[in-house]
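> below: sequence and its predicted model.
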Number of protein chains: 4
Amino acid sequence: MSSYSSEKEQLINRLKRIEGQVRGIQRMVDEEKYCVDVLTQIAAVKGALTKVGMTILEKHTHGCVQNAVANEDGDEVINELMEVIFKFTK
Amino acid sequence: MSSYSSEKEQLINRLKRIEGQVRGIQRMVDEEKYCVDVLTQIAAVKGALTKVGMTILEKHTHGCVQNAVANEDGDEVINELMEVIFKFTK
Amino acid sequence: MSSYSSEKEQLINRLKRIEGQVRGIQRMVDEEKYCVDVLTQIAAVKGALTKVGMTILEKHTHGCVQNAVANEDGDEVINELMEVIFKFTK
Amino acid sequence: MSSYSSEKEQLINRLKRIEGQVRGIQRMVDEEKYCVDVLTQIAAVKGALTKVGMTILEKHTHGCVQNAVANEDGDEVINELMEVIFKFTK
């Protein structure tokens, strides 16, 4: 069982909405909508993905990381956590 | 005609790939894959969206912005450009 | 004369404040203040630098870029602009 | 004693270099150097600050967070950690 089990439904719904937004951007590009409107929409999707990521990150840290530390296996899991956070900060 | 006309096909293909990746993340969440793997995938999609955005931004600046300046209408279009860049930098 | 001439004083004042904040962070580290407080302070300085950068970027685009386009030298200056924006978005 | 004790010297040296870079940017602005060169320098300083932050974050998570979890005080410290990461990702 994953750390984000309790949020699964909600996460999938948010990802479905993001999928719909990406399809919407394809349509905008196909209809050659104004660049700035397309860019605003892309920024919105990136923001929505960051929020989904932050929810999973939070659940992961409270769940997996906390468990690993309790089992004296914390260092490796924390190194891994740092790497993934680094990917998110750039 | 939009500034990114010449890249339309390529942009739509990249957005279709991104749509597929978002569906892949839904599946990962549904199958309760390991948090760090889901997060890595989300970071990858964000990176791909940034690249699509940068392509459109570049075309827009060479196209619309350059035109607007030539028509002495530059200031307004540049203000708009700055706003959308600001959305991308955070 | 640079595009940001009119804002020079104000920009230097903001950069002096940022310099003071960086010295403050050195002091915090030296006194071994709580990590989260140091990190919050670092995030604040990064935010202040982004704002200084956005002011210069705006002046640059209204000034240098607009001039270059008027002198039919726009493409090169815009390529350069895109590169520097790309550095800011990551 | 802070989690980053062992890196204190090195962190202060890096922050002193950053302070010098900020002073260098003031000089560039004062001498009205070319906008793109100033912006490149600002992006470099932001990058250096992010690296200092990541070092402290890593030490903090291996140190304070791991301790807090061991003392069954993990949830609060992790909430705090998430907030500070969120400040860094935007």
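Done, it's in.
> and the closest residue to A:Ser2 other than its chain neighbours, what element?
Nearest residue to A:Ser2, sequence neighbours excluded (CB to CB, 6 or more residues apart in numbering or on different chains): B:Glu32, at 3.8 Å. Where C-beta positions appear, they are placed from N, C-alpha and C, glycine not excepted. If you go by DSSP states H and E, B:Glu32 is not part of any helix or strand.
> hey, where'd the strands end up in chain A?
In chain A, no strands are defined using DSSP state E.
> I figured the residue nearest to A:Ser2 hits A:Ser5, correct?
Yes: counting by CB atoms under 8 Å, B:Glu32 touches A:Ser5, with 6.4 Å between them.
> what residues does stretch A:74-81 touch?
When contacts are defined by CB atoms under 8 Å, 6 or more residues apart in numbering or on different chains, stretch A:74-81 is touched by residues A:60-61, A:64-65, A:68-69, B:36, D:58, D:61-62, D:65-66, D:69.
> ok, now with 7 Å
Stretch A:74-81 has contacts (CB atoms under 7 Å, 6 or more residues apart in numbering or on different chains) with A:Thr61, A:Cys64, A:Val65, A:Ala68, B:Val36, D:Thr61, D:His62, D:Gln66.
> quick one on the thing from earlier: tally of neighbours for the residue nearest to A:Ser2?
By other CB atoms under 10 Å in any protein chain shown, 14 other residues sit near B:Glu32.
> grab the longest helix from chain A for me.
helix A:35-60 (DSSP state H).
> next, see if that helix gets close to chain C.
No: between helix A:35-60 and chain C, judged by CB under 7 Å from any CB of the partner chain, nothing touches; the nearest distance is 10.2 Å.
> quick one: buried residues of that helix?
Within helix A:35-60, the residues that count as buried by 16 or more other CB atoms under 10 Å in any protein chain shown are A:35-36, A:38-39, A:41-43, A:45-46, A:49-50, A:52-60.
> and what of stretch A:81-90?
Using 16+ other CB under 10 Å as the test for burial, stretch A:81-90 gives A:Leu81, A:Met82, A:Val84, A:Ile85, A:Phe86, A:Lys87, A:Phe88.
> now pLDDT too, for those residues, in CSV please.
Listed next are the buried residues of stretch A:81-90 as CSV, based on pLDDT from 0 to 100:
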residue, pLDDT
A:Leu81, 91
A:Met82, 91
A:Val84, 90
A:Ile85, 89
A:Phe86, 85
A:Lys87, 84
A:Phe88, 79
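> narrow the residues you listed to those in helices?
Using DSSP H, the buried residues of stretch A:81-90 in helices are A:Leu81, A:Met82, A:Val84, A:Ile85, A:Phe86, A:Lys87, A:Phe88.
> tell me the one of those nearest C:Leu15?
Closest to C:Leu15 out of those is A:Phe86 (27.5 Å), distances taken as CB to CB.
> return the residues in contact with the residue positioned nearest the centre of chain A.
By CA atoms, centre = their mean, chain A has its centre lying nearest to A:Gly53, at 2.4 Å. Counting by CB under 7 Å, 6+ apart, A:Gly53 makes contact with A:Phe88, B:Leu39, B:Ile42.
> my guess is A:Ile56 meets B:Leu39, correct?
Yes: if you go by CB atoms under 7 Å, A:Ile56 and B:Leu39 touch, sitting 5.9 Å apart.
> for the residue of chain A found nearest chain D, which non-adjacent residue is spatially closest?
Using CB to the nearest CB, A:Val69 is the residue of chain A that sits closest to chain D, at 4.2 Å. Of all residues beyond its chain neighbours, the one nearest A:Val69 is D:Val69 (4.2 Å), with distances taken as CB to CB, 6+ apart.
> cool, A:Glu19 as well?
Nearest to A:Glu19 is B:Val22, by CB to CB, 6+ apart, at 4.6 Å.
> what residues does the one you found make contact with?
A:Leu15, A:Ile18, A:Glu19, A:Val22, B:Val45 are the contacts of B:Val22 under CB under 7 Å, 6+ apart.
> how about A:Lys46?
With CB under 7 Å, 6+ apart, A:Lys46 has these contacts: B:Lys46, B:Leu49.
> quick one: low-confidence ranges for chain A?
For chain A, applying pLDDT under 70 flags the ranges A:90.
> which parts of it sit against chain B?
Residues of chain A found near chain B (CB under 7 Å from any CB) are A:1-5, A:8, A:11-12, A:15-16, A:18-19, A:22-23, A:25-26, A:29-30, A:32, A:35-36, A:38-40, A:42-43, A:45-46, A:49, A:52-53, A:56-57, A:59-60, A:64, A:80, A:84, A:87-88.
> redo that, cut-off 6 Å
Neighbours of chain B within chain A, by CB under 6 Å from any CB of the partner chain: A:2-3, A:11-12, A:15, A:18-19, A:22, A:25-26, A:29, A:32, A:35-36, A:38-39, A:42-43, A:46, A:49, A:53, A:56, A:60, A:80, A:84, A:87-88.
> who touches stretch A:82-90?
By CB atoms under 6 Å, 6 or more residues apart in numbering or on different chains, the surrounding residues in contact with stretch A:82-90 are B:Val36, B:Leu39, B:Ala43, C:Lys90, D:Glu58, D:Ile85, D:Phe88, D:Thr89.
> farthest pair in those?
Applying CB to CB across the contacts of stretch A:82-90, the maximum distance is between B:Val36 and C:Lys90, 21.1 Å.
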